[in-house]
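Engineer: Sequence and predicted structure below; questions after.
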Amino acid sequence: MTLLPAIEHETRTNPDAAIIWLHGLGADGSDFAPIVPELNLPSELGIRFIFPHAPSRAVTVNNGFVMPAWFDILVMDIDRKVDTAQLLVSADAINKFVERELGRGIDSRRIILAGFSQGGAVAYQVALSHAKPLGGLIAMSTYLATSDTIQLSPANQDIPIEIHHGVYDPVVPQALGIRAAEFLKEHNYTLEFRTYPMEHAVCPQQINDISQAFQRFLQR
């Protein structure tokens, strides 16, 4: 099984949980890796953090400039026309990380997906369609790009979900986060929707909320 390159960090030897955290457009796995110490997680939690690097590709809305991207964005309007086929390929690549963690002995219910912006769109696809129950999903400053096509898995109907969004986000408007939340509620998912006084970023209060969410997810 060929995996995308990734940064890995284990909070202790022989972890029994895994968090797969996906970066946004133009970044790479090192974007969120420095946040791990800031989470101040309890020392008894054994977590393998995995920060995959997206492949580089031409991005239409950035004048075809080649950069790390989980998928191409064709039109940058409120409806976000994206290359869904590329998004699904990226979701398959992340599913390989999930399968690798299962092979390492991690229970599926202790595998958490987190994603920022583009990475969040891929995390939505993976978490909501996976055939085995996963441990949780944190979708940050993102949107549900595959709402018209996703095959929702009954195994993850009860997955705990948090949606985080900056109220001043000029890149992914808060309306897109709200739209994703409404879709999920219409399909009987339970979620927490948190907003922060920021733009397209992550703030200290949010880092604390992410830490608390991870701990809740792993205590189920």
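Structural biologist: Now that the structure is in, tell me what you want to look at.

Engineer: In the biggest helix by length in the chain, which residues are buried?
Structural biologist: Taking DSSP state H as the criterion, the chain has its longest helix at helix 84-103. Within helix 84-103, the residues that qualify as buried by neighbour count (16 or more other CB atoms under 10 Å) are Thr84, Gln86, Leu87, Leu88, Ser90, Ala91, Ala93, Ile94, Asn95, Phe97, Val98, Glu101. Using the backbone N, CA and C atoms, a C-beta is placed for each residue, glycine as well.

Engineer: Look up how far Val126 lies from the third one.
Structural biologist: In this view, Leu87 and Val126 are 10 Å apart by CB to CB, to the nearest Å.

Engineer: Pro204: how many residues sit nearby?
Structural biologist: Applying other CB atoms under 10 Å, we find 10 other residues in the vicinity of Pro204.

Engineer: whoops, I mixed them up, Asn62
Structural biologist: 15.

Engineer: For it, grab phi and psi.
Structural biologist: As for Asn62, its main-chain torsions (degrees, to the nearest 10) stand at phi -110, psi 40.

Engineer: Show the model's pLDDT score for it.
Structural biologist: Here the pLDDT value assigned to Asn62 is 93.

Engineer: who's in contact with it?
Structural biologist: Gly26 (CB atoms under 8 Å, 6 or more residues apart in numbering).

Engineer: bridging residues for the spatially closest residue to Leu191 that is not a sequence neighbour?
Structural biologist: Excluding its sequence neighbours, the residue lying closest to Leu191 (CB to CB, 6 or more residues apart in numbering) is Ile161, at 4.0 Å. When bridges are taken as DSSP bridges, the partners of Ile161 come out as Leu137, Leu191.

Engineer: isn't Ile161 right up against Asn188?
Structural biologist: No - judged on CB atoms under 8 Å, Ile161 makes no contact with Asn188 at a distance of 11.9 Å.

Engineer: Neighbour count: the two, which is higher?
Structural biologist: Under the criterion of other CB under 10 Å, the comparison of Ile161 against Asn188 puts Ile161 first, with 24 against 9.

Engineer: so who does that one touch?
Structural biologist: If a contact means CB under 8 Å, 6+ apart, then Ile161 has Ala127, Gly136, Leu137, Ile138, Ala139, Leu184, Tyr189, Thr190, Leu191, Glu192 as its contacts.

Engineer: Going by distance to Ile112, which of those residues wins?
Structural biologist: Relative to Ile112, the closest of those is Gly136; by CB to CB it sits at 4.5 Å.

Engineer: what's the neighbour count on that closest one?
Structural biologist: Gly136: 23 neighbours (other CB under 10 Å).

Engineer: per-residue confidence at it?
Structural biologist: You'll see Gly136 listed with a pLDDT of 98.

Engineer: swap in Pro52?
Structural biologist: Value listed for Pro52 in the pLDDT field: 98.

Engineer: What are the phi and psi values at it?
Structural biologist: With angles defined as degrees, to the nearest 10, Pro52 sits at phi -70, psi 150.

Engineer: neighbours of it, just the number please.
Structural biologist: Using other CB under 10 Å as the criterion, Pro52 is surrounded by 25 other residues.

Engineer: Name the nearest residue to it, sequence neighbours excluded.
Structural biologist: The shortest distance from Pro52 to any non-neighbouring residue, by CB to CB, 6+ apart, is to Ala6 (4.2 Å).

Engineer: Which one of the buried residues of helix 84-103 is nearest to Leu144?
Structural biologist: Distance from Leu144 was checked for each of these by CB to CB. The minimum falls on Leu87, at 10.9 Å.

Engineer: Appreciated, that's everything.
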